[in-house]
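Enquirer: Provide a 3D model corresponding to the input given below.
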Amino acid sequence: MTSHLFIVAWNRPDLWDYWKRWFAGVENVEVILDRRRGERRQSPQAFEPERRRTERRGQAGVDDELRTAGFAIVTR
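Expert: Residues are numbered from 1 along each chain as shown. Sure thing, here's the model as predicted:
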């Protein structure tokens, strides 16, 4: 099972290629390209109000790292 996940920003395929080659053959590390492009909900009025009190995934730090560094490291 992968214990470390390198998520690379969708607009940085150069970093994805670099990290993919760097960790080739390392079985506890997986390098993936972030597929998200923004909020899935485009028009908030068309849906029920948000019932969650917090973000479903703890992604605030990951999002910041993707914007600033171009990648984020997540430990499973």
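Enquirer: For Trp19, grab the count of nearby residues.
Expert: 21 (other CB atoms under 10 Å). Quick note: C-beta positions are derived from backbone N, CA and C, even for glycine.
Enquirer: just the one 4 residues further on next, same as before
Expert: Other residues near Phe23 number 15, with proximity taken as other CB under 10 Å.
Enquirer: quick one: the helices in the chain?
Expert: Remark: helices assigned in the chain by DSSP state H are 13-22, 60-68.
Enquirer: worst average pLDDT in those?
Expert: Set side by side, the helices of the chain show their lowest mean pLDDT on helix 60-68, which sits at a mean of 87.
Enquirer: helices or strands up against that one?
Expert: Counting by 3 or more CB pairs under 8 Å, 6 or more residues apart in numbering; DSSP states H and E, the packing neighbours recorded for helix 60-68 are strand 4-8, strand 71-75.
Enquirer: Name the residues that touch that helix?
Expert: Contact with helix 60-68 is made by 7-9, 34, 71-74, as judged by CB atoms under 8 Å, 6 or more residues apart in numbering.
Enquirer: Return the angle between stretch directions for that helix and strand 4-8.
Expert: Taking axes from the mean of the first three to the mean of the last three CA atoms, to 10 degrees, helix 60-68 and strand 4-8 form an angle of 50 degrees between their directions.
Enquirer: what's the weakest-modelled helix or strand in the protein?
Expert: Across the helices and strands of the chain, mean pLDDT, DSSP states H and E gives its lowest value to helix 60-68, namely a mean of 87.
Enquirer: For it, buried residues please.
Expert: For helix 60-68, burial by neighbour count (16 or more other CB atoms under 10 Å) applies to 62, 65-66.
Enquirer: circling back: is there a quick ChimeraX command that grabs whichever of the contacts of helix 60-68 are buried?
Expert: With 16+ other CB under 10 Å as the criterion, this ChimeraX line picks the buried residues out of the contacts of helix 60-68:
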select :7,8,9,34,71,72,74
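Enquirer: can you tell me how far Glu65 sits from Ile73?
Expert: 8 Å (CB to CB, to the nearest Å).
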